[in-house]
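Q: this is the structure alone, sequence omitted:
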Ligand SMILES: C[S@@+](CC[C@H](N)C(=O)[O-])C[C@H]1O[C@@H](n2cnc3c(N)ncnc32)[C@H](O)[C@@H]1O
């Protein structure tokens, strides 16, 4: 078990609360999801790829009170800490490719939040294409990641990911993400780009993939 998971278990019933406080040092998740809501206010079928233990899905359920939400991830710990309305939030341990292969899953909003820095770089374009294939025509793809800007937040983030979770993470700069999104979806697919407090490292994009995207 990774150091971080072992430490978190020590908090027992306070694990969620301590985890939320810890995460808040890095990113204001409420501000992040409100940005998403501003970008796709009418979303009713939402998918989060790489949803982890459910922190983002929990906020999506609250900010989109009528939406159906699907969270997928490769981890068996998927949705473990989700607290909220499970009647319209569904978790499945699977890849985006597996969900896309089913052919019946179509969403008007797909999110990939803080996942790309965990994924080998030569798989980024394929993952984005899979995400794009899950969208209905005219749907919105949101990509949020942590930019490599050298500051205290970045030092803490590298420590957290490499030492506490033991993951082999690699952080990119904003230009990498812009180039990646253009390579996956064409020039002009990025409709908006902004930052989420408290660190400028929190970079988020609104993408409108063209309907012909593979
Ligand atoms: C830092 S966590 C982010 C969790 C969640 N999105 C959030 O922001 O709270 C990164 C997650 O990406 C997942 N992940 C890594 N590679 C993935 C892949 N190829 N497909 C789906 N999920 C993946 C990991 O299992 C992990 O749960």
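A: Cool, the structure landed. Keep in mind the model is a prediction, meaning the values are calculated, not measured. Residues are numbered from 1 along each chain as shown.
Q: so where do the strands sit in this protein?
A: 45-49, 68-73, 89-93, 107-113, 135-146, 190-195, 202-207 (DSSP state E).
Q: now render the ones you listed as a markdown table, adding mean pLDDT.
A: Output for the strands of the chain, formatted as a markdown table (pLDDT from 0 to 100):
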| stretch | mean pLDDT |
| --- | --- |
| strand 45-49 | 98 |
| strand 68-73 | 98 |
| strand 89-93 | 98 |
| strand 107-113 | 98 |
| strand 135-146 | 97 |
| strand 190-195 | 98 |
| strand 202-207 | 98 |
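Q: dump those into CSV; add distance to residue 35 and mean neighbour count as well.
A: Heads up, the C-betas are built off the backbone N, CA and C, glycines and all. Formatted as CSV, the entries for these read as follows, by distance: least, Cβ to Cβ, whole Å; neighbours: other Cβ atoms under 10 Å:
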stretch, distance to residue 35, mean neighbour count
strand 45-49, 14, 25
strand 68-73, 17, 23
strand 89-93, 20, 17
strand 107-113, 11, 25
strand 135-146, 8, 20
strand 190-195, 7, 14
strand 202-207, 6, 22
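Q: okay if I get the ones you listed as TSV plus distance to residue 123?
A: What follows is the strands of the chain, written out as TSV (distance: least, Cβ to Cβ, whole Å):
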stretch	distance to residue 123
strand 45-49	13
strand 68-73	15
strand 89-93	18
strand 107-113	12
strand 135-146	14
strand 190-195	20
strand 202-207	18
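Q: so residue 122 versus residue 180, what's the distance?
A: For residue 122, the distance to residue 180 (Cβ to Cβ, to the nearest Å) stands at 11 Å.
Q: ok, the two, which is more surrounded?
A: Neighbours per residue, other Cβ atoms under 10 Å: of residue 122 and residue 180, the larger number sits with residue 180, 19 against 7.
Q: got a list of what the residue nearest to the more buried one when sequence neighbours are not counted touches?
A: Distance criterion Cβ to Cβ, 6 or more residues apart in numbering; nearest residue to residue 180, sequence neighbours excluded, is residue 124 at 5.6 Å. Residue 124 makes contact with 116, 180, 184 under the criterion Cβ atoms under 8 Å, 6 or more residues apart in numbering.
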